[in-house]
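A.B. asks: Quick one, fold the following:
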Amino acid sequence: MAYRRTEAVAQRLAENRRRIINAARELVLEGGFASAQMAPVAERAGLATGTLYRYFSAKDELCLQVFREVSAREMSILNAIASKTAPAPTRLEQVVRTFATRAIRGRRLAYALLAEPVDNAIAEERWRFRRTHADIFTRVIQDGLEEGSFEVADARLAATCIAGAVPSALIGPLAPESHELDGNGDHVIDAIVQFCLQAVGYQGKMTGQGLAKDQRVTA
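C.D. replies: Modelled structure (predicted):
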């Protein structure tokens, strides 16, 4: 019986933790990390505010967990695309197009992940996110060099430049006060994709194809 009670307690604790993280993510989606204060998170999760502190010592720790989970999900999607057997130019376009499309369709959360002022812990995690992004690009660009599709002096440096350029190009359009994405954001996505392909010396044309166009960054 003691074992069953312990198991039930552990399950309840895990469920509460998930409710808290999900509630915080919803608030970040609606208003950025600044909206994920402990009291609103508790209300959204259906828990007492004091209960949150049993799981997370402060708002910053909770927001860090949200950042880690969402960014890991995004990188997993991009990594799956990069690992396909398609030609490198197709994969590079799909990685960039999918990243930009998901960011635009999950605009407020994407802006929080990429640009919102944050504490040092999240800033460091954001840097790791960018490094993982560069790792994905490096693999694809290296494949393109071996195929003869790309022409760059250093695959890693080129990948790092692209990994920095893509989020930087999106920050302005994603900003809450921006109207650049009013209507259709395809022109922004196409311009970013074209830049990335040209940056690696690709002489062909864009396919216009990407994955997960109907998915949001919250997936």
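A.B. asks: make it CA atoms for all contacts and neighbour counts henceforth
C.D. replies: Will do.
A.B. asks: Specify the helix with the largest residue count in the protein.
C.D. replies: Looking across the chain with DSSP state H, the single longest helix is helix 2-31.
A.B. asks: So which bits of that one are buried?
C.D. replies: By 16 or more other Cα atoms under 10 Å, the buried positions in helix 2-31 come out as 16-17, 19-29, 31.
A.B. asks: What of stretch 158-171?
C.D. replies: Buried-residue list, stretch 158-171, by 16+ other Cα under 10 Å: 158, 159, 160, 162, 163, 166, 167, 170, 171.
A.B. asks: now stretch 31-43
C.D. replies: With burial defined by 16+ other Cα under 10 Å, the residues of stretch 31-43 counted as buried are 31, 32, 33, 35, 36, 37, 38, 41, 42.
A.B. asks: ok, back up a step: for the longest helix of the chain, name the packing helices and strands.
C.D. replies: Packing contacts for helix 2-31, counted by 3 or more Cα pairs under 8 Å, 6 or more residues apart in numbering; DSSP states H and E, involve helix 38-45, helix 59-82, helix 107-114.
A.B. asks: Measure how far the helix or strand that the second one is followed by is from the centre of its chain, please.
C.D. replies: Toward the C-terminus, helix 59-82 is succeeded by helix 88-105 as the next helix or strand (DSSP states H and E). Taking Cα atoms, centre = their mean, to the nearest Å, one finds the center of helix 88-105 at 12 Å from the center of the full chain.
A.B. asks: how about helix 88-105 as CSV, C-alpha atoms only?
C.D. replies: C-alpha atoms of helix 88-105 as CSV (Å, rounded to 0.1, in the frame of the first residue of the first chain):
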residue,chain,number,x,y,z
ALA,A,88,21.3,19.4,-50.0
PRO,A,89,19.7,22.5,-51.7
THR,A,90,16.3,21.1,-51.1
ARG,A,91,17.0,20.3,-47.5
LEU,A,92,18.6,23.7,-46.8
GLU,A,93,15.5,25.4,-48.3
GLN,A,94,13.1,23.3,-46.3
VAL,A,95,15.0,23.8,-43.0
VAL,A,96,15.0,27.6,-43.5
ARG,A,97,11.5,27.8,-44.9
THR,A,98,10.1,25.6,-42.1
PHE,A,99,11.8,27.5,-39.4
ALA,A,100,10.6,30.9,-40.7
THR,A,101,7.1,29.6,-41.4
ARG,A,102,6.7,28.2,-37.9
ALA,A,103,8.1,31.3,-36.4
ILE,A,104,5.7,33.5,-38.3
ARG,A,105,2.7,31.3,-37.5
